[in-house]
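Enquirer: Give me coordinates for this.
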Amino acid sequence: MDVSPNMGDSVDKHEPLWLADGLEEAFIGLVMHFQTIYPIACYDYHKVLEIFMKDGMTEEEAIEHFEYNVIGAYVGDRTPCYLTPMTLEEAIELEEENYG
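Expert: Predicted structure coming up:
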């Protein structure tokens, strides 16, 4: 995954927002956490897979590409994050099924 700093509007011109190249349609907002004072770009997981499949990948190839090249591409504290939208009930059920 290529991540490029956005030199446009950011909290601090010395720390630009890092965006995942080619995934603009999947961008859903910004997140913050205790390890950084700067916002982090957040993308919709399902929309990212759709973009990969539009580029010719099968669903299986898109998932594998995502897991290896996107999630596996840590580039620092401002590495973008990826969200799987779901309800609280769905999250609890998923947690129990996988880690319960």
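Enquirer: CA only for contacts and neighbour counts going forward, please
Expert: Noted.
Enquirer: tell me the SS of the spatially most central residue of the chain?
Expert: Residue closest to the mean C-alpha point of the chain, counted by Cα atoms, centre = their mean, is Tyr82 at 2.7 Å. When the structure is reduced to helix, strand and coil (DSSP: H, G, I helix; E, B strand; the rest coil), Tyr82 reads as strand.
Enquirer: contacting residues for it?
Expert: Taking Cα atoms under 8 Å, 6 or more residues apart in numbering, we find Tyr82 in contact with 42-45.
Enquirer: Go ahead and name everything in contact with the longest helix along the chain.
Expert: With residue count as the measure and DSSP state H as the assignment, the chain has helix 88-99 as its longest helix. Defining contact as Cα under 8 Å, 6+ apart, one finds that nothing outside helix 88-99 touches it.
Enquirer: Mean confidence (pLDDT) on it, please.
Expert: Helix 88-99 carries an average pLDDT of 95.
Enquirer: buried residues in stretch 30-39?
Expert: For stretch 30-39, a neighbour-count test (16 or more other Cα atoms under 10 Å) marks 38-39 as buried.
Enquirer: okay, Val11: pLDDT?
Expert: 42.
Enquirer: The one 3 residues further on now?
Expert: Confidence per residue is given as pLDDT, and for His14 that number is 51.
Enquirer: need the strands for the protein, in chain order.
Expert: Read by DSSP state E, the chain holds these strands, from start to end of the chain: 3-6, 17-20, 27-33, 36-44, 81-83.
Enquirer: Could you export the ones you listed to JSON lines, including columns for distance to Ile51 and mean pLDDT?
Expert: What follows is the strands of the chain, written out as JSON lines (distance: least, Cα to Cα, whole Å; pLDDT from 0 to 100):
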{"stretch": "strand 3-6", "distance to Ile51": "16", "mean pLDDT": "55"}
{"stretch": "strand 17-20", "distance to Ile51": "12", "mean pLDDT": "90"}
{"stretch": "strand 27-33", "distance to Ile51": "11", "mean pLDDT": "93"}
{"stretch": "strand 36-44", "distance to Ile51": "11", "mean pLDDT": "91"}
{"stretch": "strand 81-83", "distance to Ile51": "14", "mean pLDDT": "95"}
